[in-house]
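Colleague: Fold the following, please.
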Amino acid sequence: MSTPDLPKLKRQIYRLLWVELILSILILIPSLLPRLGSASIWVTPGGCLFALIHSITLLVLLRKGRNTSSSFPPTSKLATIICAWILVLVYIAGFGLALALLSLTLKYHFFWYADIMVIVELVLVGTQIGILVTIAVKCGQQRRSIMGTTRANIEYQPPSGQ
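Modeller: Here you go, the predicted structure:
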């Protein structure tokens, strides 16, 4: 089994972080526009703010890290991977809440403007969930490949006195 090409993987993660940033901003529009976030009980707008902080922080750290030769890029840190998975869970909760409230409102009336915006929000949130899962998996691949090369470079030294 070959290790992934790190520069290619780092570039993919970098691009996915930009997509996450743009989608977070786009999700805020249909989420807050019709009912001020009440379609997902304000879970999705909160997740968007957390995702904005997540992506901006990583993009800034990746930009600063280009000048240094650190063995661990910020995207391969365990905290980054855990935050990405927490964001996935937050967006899944927001998706479920918005879907449940949409199904309840569609029982009593046909599509209104607010319902169309909730559907747009659901599509964008579903896309964001896929992007975040991809980011978390790729960051995990990057971490495993770096850990594998780091462990391979360390030689085994038996304890002294034997």
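
Colleague: So which residue is dead centre in the protein?
Modeller: Leu132 (3.1 Å; Cα atoms, centre = their mean).

Colleague: That residue and Leu89 touch, don't they?
Modeller: No: using Cβ atoms under 8 Å, Leu132 is not in contact with Leu89; the gap is 9.7 Å. All C-beta atoms are positioned from the backbone trio N, CA, C, and that covers glycine.

Colleague: before we move on, back to that, just name whatever secondary elements the strand or helix carrying the residue nearest to the centre of the chain is in contact with.
Modeller: Using DSSP states H and E, Leu132 maps to helix 113-153. Using 3 or more Cβ pairs under 8 Å, 6 or more residues apart in numbering; DSSP states H and E, the elements in contact with helix 113-153 are helix 6-32, helix 43-65, helix 78-106.

Colleague: Could you export those as a markdown table, including mean neighbour count?
Modeller: Formatted as a markdown table, those follow (neighbours: other Cβ atoms under 10 Å):
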| stretch | mean neighbour count |
| --- | --- |
| helix 6-32 | 17 |
| helix 43-65 | 18 |
| helix 78-106 | 17 |
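
Colleague: lowest-confidence helix or strand of this protein?
Modeller: helix 113-153 (a mean of 84; mean pLDDT, DSSP states H and E).

Colleague: could you give the angle of it to helix 6-32?
Modeller: 160 degrees (axes from the mean of the first three to the mean of the last three Cα atoms, to 10 degrees).

Colleague: Please give the centre-to-centre distance between helix 113-153 and its chain.
Modeller: In terms of Cα atoms, centre = their mean, to the nearest Å, the centre of helix 113-153 is set 4 Å apart from its chain centre.
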